[in-house]
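> fold the following and give me the result.
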Amino acid sequence: AGGVGIAKNLNVGGNANISGVLTYEDVTNIDAVGIITAQAGIHFGIGATAGKFDALTGITTFSSSVGIGDSIYHLGDVDTQIRFPAADNISFETAGAQRLLIGDDGQTTITAASGDSILHIKRSNTNTTGLTGGINFVASDDHSVANIQAIGDGDNEGAHILFKTTSAAAGDIFNAATVERLRIKSDGVVNIGDRSDNSWIDSTLKVRKDQNAVTKIAVRNEDQGSSASAAIVVNSYGNSWMFDCGSAAKNSNALTIRVDATASSNQGTEKLRITTNGQLLLGTTVTPASTNTLLRVHTPISSSSANS
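As a prediction, the model looks like this:
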């Protein structure tokens with residue numbers, strides 16, 4: 001019912017306005033020098049045809065959104081992809097294997113090829129005393145409730161690990177309301193209740209019972225040298241006591257109690273010894289020759305008593 005039929009080419013020098021549907025059949029390429037505007041969308045690969053979109057040069061801009069059925073992959077490296085493996089899930093793959101998955105519940109899983117899943121937190125510049133990396137735990141109202149920090153130890157070669165908590169709202173990881181509770185220093189020393197200014201504060205250490213219903217704190221030294229021992233130091237301002245268990249080469253595994261743990265090259269002054277034979281020595285370090293002697297007490301004799 002009307003219309004114009006063109007059997008061959010149609011060359012239009014000016015604009016062509018088409019109010020109906022323009023249908024292309026058996027078209028290999030559409031070449032447009034300017035901008036193509038598709039108000040309802042563009043579909044690639046409809047039916048059995050595998051479609052693609054190539055932007056060989058320049059920048060492709062999508063002002064709204066792009067819908068992807070399954071994955072975005074790297075040209076020439078198709079086993080490196082960003083995928084949508086299930087509803088409300090997004091994953092990142094390398095070498096054809098999933099490395100990172102964010103699930104619909106927000107939980108994140110990292111999987112490494114070697115089985116050693118490692119998350120690297122790297123500082124971009126030289127660090128001597130500042131934050132190398134941190135993990136901040138945030139409440140639903142966006143304030144910090146706890147954090148773990150790696151702080152440079154002064155030479156850009158090592159770091160201390162700090163654990164901080166708060167019972168009050170804290171703005172961020174650096175807020176003073178989050179207080180240091182535990183520090184593992186770069187030299188392996190562990191301080192509980194130690195602040196950055198190295199002053200002592202009130203602290204509590206709770207140790208739970210093991211599978212045998214025994215509550216214990218184990219202090220162990222694997223060194224077998226003549227100076228090796230494991231010790232617990234009880235310290236208060238101006239005074240200290242040391243409970244020291246020597247190695248087989250030191251005091252023959254005897255338990256000694258010493259005062260002034262900072263004296264005698266941090267060994268303190270021995271006041272009591274319990275030997276492995278059960279002998280108790282008070283004020284002396286000389287073990288009785290006979291194992292039948294269970295108690296030896298040394299009482300220093302004053303000069304006045306010696307001359308009387």
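
> where does the stretch 201-308 of the chain have low pLDDT?
201-211, 215-216, 237, 261-267, 296, 298-308 (pLDDT under 70).

> who's in contact with the residue nearest the centre of the chain?
Centroid-nearest residue in the chain, with CA atoms, centre = their mean: Ile135, separated by 6.9 Å. For Ile135, the contact set (CB atoms under 8 Å, 6 or more residues apart in numbering) comprises 147-148. Yep, even glycine has a C-beta here, placed from its N, CA and C like the rest.

> who's it bridged to?
With DSSP bridges as the criterion, Ile135 is bridged to Ile148.

> ranges for the helices of this protein?
263-266, 303-307 (DSSP state H).

> wait, Leu294 sits on Gly278?
Yes. With contact defined as CB atoms under 8 Å, Leu294 counts as touching Gly278 (6.4 Å).

> with neighbour numbers in mind, choose between these two.
Leu294 (12 against 9; other CB atoms under 10 Å).

> which non-adjacent residue is nearest that one?
Counting by CB to CB, 6 or more residues apart in numbering, Leu294 lies nearest to Gln279, which is 5.5 Å off, once chain neighbours are set aside.

> give me the neighbour count for Ser71.
Burial of Ser71 is recorded as 13 neighbouring residues (other CB under 10 Å).

> my guess is Ile232 contacts Cys245. True?
No. At 9.1 Å, Ile232 does not count as touching Cys245 under the criterion of CB under 8 Å.

> the more surrounded of those two?
Using other CB under 10 Å as the criterion, Ile232 and Cys245 rank with Cys245 on top: 19 against 12.

> the top strand by length along the chain packs against which elements?
Secondary structure of the chain per DSSP state E: the longest strand is strand 159-170. Helices and strands touching strand 159-170, by 3 or more CB pairs under 8 Å, 6 or more residues apart in numbering; DSSP states H and E, are strand 144-152, strand 179-184.

> okay, those strands, which one's buried deepest?
strand 144-152 (a mean of 19; mean count of other CB atoms under 10 Å).

> packing partners for that strand?
Helices and strands touching strand 144-152, by 3+ CB pairs under 8 Å, 6+ apart, are strand 131-138, strand 159-170.

> possible to save those as JSON lines with mean pLDDT and distance to Ala218?
Converted to JSON lines, those look like this (pLDDT from 0 to 100; distance: least, CB to CB, whole Å):
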{"stretch": "strand 131-138", "mean pLDDT": "91", "distance to Ala218": "28"}
{"stretch": "strand 159-170", "mean pLDDT": "89", "distance to Ala218": "21"}
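
> isn't Ile72 right next to Ile82, touching?
Yes. Between Ile72 and Ile82 there is a contact under CB under 8 Å: 4.5 Å.

> picking that back up, a markdown table for the helices and strands packed on strand 144-152, including distance to Leu182?
Shown next, in a markdown table, are the helices and strands packed on strand 144-152 (distance: least, CB to CB, whole Å):
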| stretch | distance to Leu182 |
| --- | --- |
| strand 131-138 | 14 |
| strand 159-170 | 4 |
